[in-house]
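1. need coordinates for the following:
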Amino acid sequence: GRSLVSRHDPVIEAVDVRFGEQPAVGVHRQLAIEPVVAGRDPAADLAFFEEDSYGEARVATEIADASHATWVCETADGALLAYAHCGPSKLPHPEVTDRSGEMYQLYVRRDAQGMGLGKRLLATALDWLRTAYPGPQWIGVWSGNDRAQAVYAAQGFEQVGGYEFPVGDHRDAEFILRRP
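-> Numbers count the residues shown, from 1 in each chain. From the prediction side, this is the model:
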């Protein structure tokens with residue numbers, strides 16, 4: 001497999017980066033919502049988005065899909081710290097083809113930020129995308145997430161478009177980033 005164990009912090013003795021499995025599914029929702037969208041969108045819209053995007057059935061289906069890859073970072077006792085999820089690009093851009101891969105999500109729990117997990121997951125995800133989808137690599141990122149945009153720019157991604165990302169009935173302005 002693609003398991004990688006390393007030491008990052010005296011409090012967290014070991015962090016395992018591995019392909020996602022069913023037991024981690026239920027906590028993806030909490031981790032994904034925490035850093036980016038909480039407090040930004042109306043509660044009803046956020047609740048709909050959360051269930052639609054991070055419900056257990058949806059995540060389990062994506063983990064089982066051979067055209068997708070999910071990696072999780074967990075402590076030795078199984079606490080989820082971060083995850084990344086990739087697959088065929090779904091972004092609304094005229095240059096997206098069936099050879100285009102997209103990193104859908106990369107989330108790191110707040111108390112685990114600064115440990116290098118995001119960097120490790122990003123490198124792992126981009127390596128997988130290069131192999132699985134030999135065309136350009138794509139990322140959609142919220143227009144207000146300056147930190148993520150800077151990280152992706154440092155990896156060679158450039159803004160090539162934008163669209164409105166639905167969060168329930170609300171729409172967020174998203175940037176479309178591409179790397180050849």
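2. for the longest helix along the chain, list every residue counted as buried.
-> Once the chain is assigned using DSSP state H, the helix that runs over the most residues is helix 117-132. If you call a residue buried by 16 or more other CB atoms under 10 Å, then helix 117-132 has these buried ones: 117-118, 120-122, 124-126, 128-129, 132. The way it works is simple: take the backbone N, C-alpha and C, and place the C-beta from them, glycine included.
3. cool, stretch 57-68 as well?
-> Quick answer for stretch 57-68 (16+ other CB under 10 Å): 59-60, 62-63, 68.
4. name the nearest residue to residue 87, sequence neighbours excluded.
-> Sequence neighbours aside, residue 68 is the residue nearest to residue 87 in space, at 3.7 Å (criterion: CB to CB, 6 or more residues apart in numbering).
5. how long is stretch 63-79 from one end to the other?
-> Its first and final residues considered, stretch 63-79 spans 18 Å by CA to CA, to the nearest Å.
6. same thing with stretch 105-117?
-> Start-to-end, stretch 105-117 (CA to CA) is 14 Å.
7. quick one, strands of the chain?
-> Using DSSP state E, the strands assigned to the chain run over residues 4-6, 15-19, 69-75, 80-88, 101-108, 137-142, 158-167, 170-179.
8. what pairs with the third one, parallel or antiparallel?
-> Applying DSSP bridges, strand 69-75 is found paired with strand 15-19 (antiparallel), strand 80-88 (antiparallel).
9. and the lowest mean pLDDT element among the helices and strands of the protein?
-> Taking mean pLDDT, DSSP states H and E as the measure, the helix or strand of the chain with the lowest value is strand 4-6, at a mean of 33.
10. residue 84 against residue 126, yeah?
-> No. Contact between residue 84 and residue 126 fails when scored by CB atoms under 8 Å: they sit 9.5 Å apart.
11. overlap of the contact sets of these two?
-> residue 103 (CB atoms under 8 Å, 6 or more residues apart in numbering).
12. buried stuff in stretch 173-180?
-> 174-179.
13. grab the CA positions of that stretch and hand them over as PDB.
-> Extracted in PDB, the C-alpha atoms of stretch 173-180 (Å, rounded to 0.1, in the frame of the first residue of the first chain):
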ATOM      1  CA  ALA A 173     -17.200  32.500  -5.600                       C
ATOM      2  CA  GLU A 174     -14.600  29.900  -6.500                       C
ATOM      3  CA  PHE A 175     -11.400  30.200  -8.500                       C
ATOM      4  CA  ILE A 176     -10.400  27.500 -10.900                       C
ATOM      5  CA  LEU A 177      -6.700  26.700 -10.800                       C
ATOM      6  CA  ARG A 178      -4.700  24.700 -13.300                       C
ATOM      7  CA  ARG A 179      -1.200  23.300 -13.500                       C
ATOM      8  CA  PRO A 180       0.100  21.800 -16.800                       C
END
